[in-house]
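Participant: the sequence and its predicted three-dimensional model are supplied below.
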Amino acid sequence: MRRTLRVRPAASALLACLTLLFGLLTAAPATAAPSADRLPEQWRSYWVDGFNEGIYTPAQVERLIDDALAVNANALIVQTARRYDCFCNNALYPRTDAAIDPAPYDPLAEVIERAHAAGLQVHAWVNVNTLWNSTTPPTSPDHAYNQHGPSAQGRDRWLNRKADGTERVGANTYIDPGHPDAAAYIVAAVQSIARAYDVDGINLDYVRYPDGSAQTTHSDWGYNAVSVARFQQATGRTDVPAPADQQWSDWRRDQVTGLVRHIYLGLWEVDPGIRLSMDAITYGHGPQAVGGWENTRTYAEVLQDWAGWLDEGIMDTVVTMNYKREWDPDQALMFAEWSAFLADAQGGRQAVNGPALYLNGVDDSVAQVRRALAPSPAGNTAAGWSGYSYATPSMDSAANGAAAERARLAEALTTGPGAPFAEPAAVPGMRWKTAPRDGHVTGTLALRDGTSLDQARLTLTPLAAPGARESETRADGTGWFGFAHVAPGLYLVRADLPRGVTGAPVTVVHVRRGGIAEARLPGLTAR
C-alpha cells in the first residue's frame, strides 16, 4: 500500500518557502532563447603554431584572419605559450624570444582583436610539459628553464627525468607533472592568460609524459626526485619503481589528471565561460583494435587519459591529433578507428577530429574531412574539424608554396557539389557551462603553518543532494583538491588526516548550480 505524507498547513507553507529558497539558491542564470536563424553548430579551426609565420606581425595576423574566413572556419587555435615563453605581453610566462615585432606589439591581443571583429573565436594554445628546446637558454631570467632547469638543485629542479637519468633529448627538456611546484606554476600561468586576455578558450598541448620510451606499453619518464619521493610517501614503498610498474604508472597518470582538474576548476574561477580544450594523442591503432582504451599507447605510454577527462567533465573539448596519411592503407584504417572512438567517447562533452594537413595532399585532406565528420557505426558524430596546420596546409606546400596550397584547400572545402564547408557554421555551445545543472567543490588541505597535506584522501558525502553519490579525491602536492560537476545541495567534506595531525577534519559545503563551493578545513596542526 502506498503511503501518503500529510503535512499540516503551517508546515506545508514553511516547506514551500524552503523549497522556493533552495531553488533560487541553486538555480542557473537565465539564458536567452536561441535565435530562429542560428547557424548549424560545427567546430572548424586551424592550429596556428608559433614556430612559423602567422602571428609574428600585424600583417601576418591580418592574412591569417582572411585565410581562416576563406575556409569558413569559426575558430583559431593560436600557439601562445610555446616553451614556457609567451607570444603575449601580460602573462606569467615571459615574452618570447622569437622574432616577433617589438613591444608594444602583442601577438595574442592582435589576434583576438582582429579575430573577434571577424566573428572568429580565439583559443590560446599552451604547451604544458615542454620546457625548452634549445641548448641556448632563454634570455629572460624569469623563464622556468633558467629558474628550474639544469642549473637548479633540489626541489627547485622541475625537470622530468627518465629511469636511466636522462633529462635532455636532443635539445629538448620537459617538466615533470608530478612535481607540485611545477604543476602550481602551470595552473597560475594559464589563469594569468585567461585574466589578461579576452580568449574564448585555453587549448592544452603536451599535457602528458614525453615520447621516447623504450617500449609502447609504459613510460620511462617521471623520475624527478621530488616525484619519486611523493610516490613513495603515497604508497609506503621505499624502492624506486620500474617503468613498467603498474602502481607507478597509475600514480603518474593521476598526476596529469589532477593537473587537468586543477586547470579546469582554476579557469572556472576566472571565467566559467572559457572553454578548456586539449590536443589528444592518437598513436597507432584505435582502442577497438588493441583490446580497449587502457591498452592504447595514449593511456599506457604517454599516460594521457583524455577519454577519462571527458567522462569526468573536466575537459570541455578534446581535439584529437589524428595525424594519419590517407594514402597509406594502414594509417587510413587507424584514422577511421580513432575517428569512430572519439565520436563515441564524447559523452556529454565534445571531441573535434584533427587531421594532419601536412601529411596529405589537398584531395586526401578533403577526404579526411568528410570521414572525420561522418557518423560512427554507433551513430555518433564528432563536434567538428581542426586542421594541422595553418603554416603547412598540405604535403605539397614546400613544392608549391603554403599560400597556394592554402588557397587550393579553401576552394576544395567551400566550393563545388557537396563541399563540406560550403556554408558557415558556429562553434558548438557548452550547455554545461551556459545552463549548468551542477556545481563544484574546491579547497586546500594544509596545516596552520602552511604545510600542505600532500595526497591526503578527501571524501564528499551528500547530505541533502538528490541523486548525488559519495566520491573521493586526493589533495595534490600543494594541498589543493577539487570535486568537479556534483549535483546541487549540501555535502559533508571529510579529510583522512595523516598520523600525527590533529584538528577538525570535516566541514559542510553548499553546492550551487554553476558555482564553486569552498571547503574550509582550518586549524589543523601536527603533534
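Facilitator: Right, received. Where do you want to start?
Participant: in stretch 114-125, what counts as buried?
Facilitator: 114-115, 120-125 (16 or more other C-beta atoms under 10 Å). Yep, even glycine has a C-beta here, placed from its N, CA and C like the rest.
Participant: start to end distance for that stretch?
Facilitator: End-to-end distance for stretch 114-125: 17 Å, by C-alpha to C-alpha, to the nearest Å.
Participant: what's in contact with it?
Facilitator: Residues outside stretch 114-125 that contact it (C-beta atoms under 8 Å, 6 or more residues apart in numbering): 45, 47-49, 61-62, 65, 68-69, 73-81, 108, 111-112, 193, 197-203, 205, 275, 277, 279, 427.
Participant: one step back: out of the buried residues of stretch 114-125, which comes closest to Ala391?
Facilitator: The closest of these to Ala391 turns out to be Trp125 (C-beta to C-beta; 13.1 Å).
Participant: specify the beta-bridge partners of the closest one.
Facilitator: Assessed by DSSP bridges, Trp125 has beta-bridge partners Gln79, Asn203.
Participant: look up how far Ala404 lies from it.
Facilitator: According to C-beta to C-beta, to the nearest Å, Trp125 and Ala404 sit 26 Å apart.
Participant: for the stretch 351-500 of the chain, which spans come out with low pLDDT?
Facilitator: For the stretch 351-500 of the chain, no stretch is flagged by pLDDT under 70.
Participant: just the helices in it please.
Facilitator: Secondary structure of the stretch 351-500 of the chain by DSSP state H, counting those that start in this stretch: the helices cover 362-372, 397-400, 402-414, 431-434.
Participant: just the stretch 151-300 of the chain next, same as before
Facilitator: Going by DSSP H, counting those that start in this stretch, the stretch 151-300 of the chain shows helices at 180-196, 225-235, 246-270, 287-290, 297-300.
Participant: can you report how many residues lie near the spatially closest residue to Thr235 that is not a sequence neighbour?
Facilitator: Closest residue to Thr235 apart from its sequence neighbours, by C-beta to C-beta, 6 or more residues apart in numbering: Gln247 at 6.3 Å. Using other C-beta atoms under 10 Å, Gln247 is surrounded by 12 other residues.
Participant: Gln247 against Gly236, yeah?
Facilitator: No. Checked against C-beta atoms under 8 Å, the pair Gln247 and Gly236 is beyond contact range at 10.9 Å.
Participant: and the next helix or strand past the helix or strand bottoming out on mean pLDDT in the chain?
Facilitator: Ranked by mean pLDDT, DSSP states H and E, the helix or strand of the chain with the weakest confidence is helix 9-26, at a mean of 37. Next helix or strand after helix 9-26 toward the C-terminus (DSSP states H and E): strand 43-48.
Participant: so which elements touch that next one?
Facilitator: If you count contacts as 3 or more C-beta pairs under 8 Å, 6 or more residues apart in numbering; DSSP states H and E, strand 43-48 packs onto helix 58-70, strand 75-81, strand 121-127, strand 350-355, strand 384-387.
Participant: ok, which of those comes nearest Leu265?
Facilitator: Nearest of these to Leu265, taken as C-beta to C-beta: strand 121-127 at 16.4 Å.
Participant: what element comes up after the closest one heading to the C-terminus?
Facilitator: Next along from strand 121-127, by DSSP H and E: strand 130-132.
Participant: ok, then the element right after that following strand?
Facilitator: Using DSSP H and E, the first helix or strand after strand 130-132 is helix 144-148.
Participant: thought Asp181 was touching Trp158?
Facilitator: Yes. Counting by C-beta under 8 Å, Trp158 is a contact partner of Asp181 at 6.7 Å.
Participant: name the residues contacting each of the two.
Facilitator: Both Asp181 and Trp158 are in contact with His148, where contact means C-beta under 8 Å, 6+ apart.
Participant: next, give phi and psi for the closest residue to Ser452 other than its chain neighbours.
Facilitator: Residue nearest to Ser452 in three dimensions, not counting chain neighbours: Gly479, with 3.2 Å by C-beta to C-beta, 6+ apart. Main-chain torsions, Gly479, degrees, to the nearest 10: phi 90, psi -10.
Participant: tell me what the nearest residue to Phe483 once chain neighbours are set aside is bridged to.
Facilitator: What sits nearest to Phe483 in space, not counting adjacent residues and going by C-beta to C-beta, 6+ apart, is Val441, at 4.3 Å. In this entry, Val441 is beta-bridged to Phe483, Ala517, by DSSP bridges.
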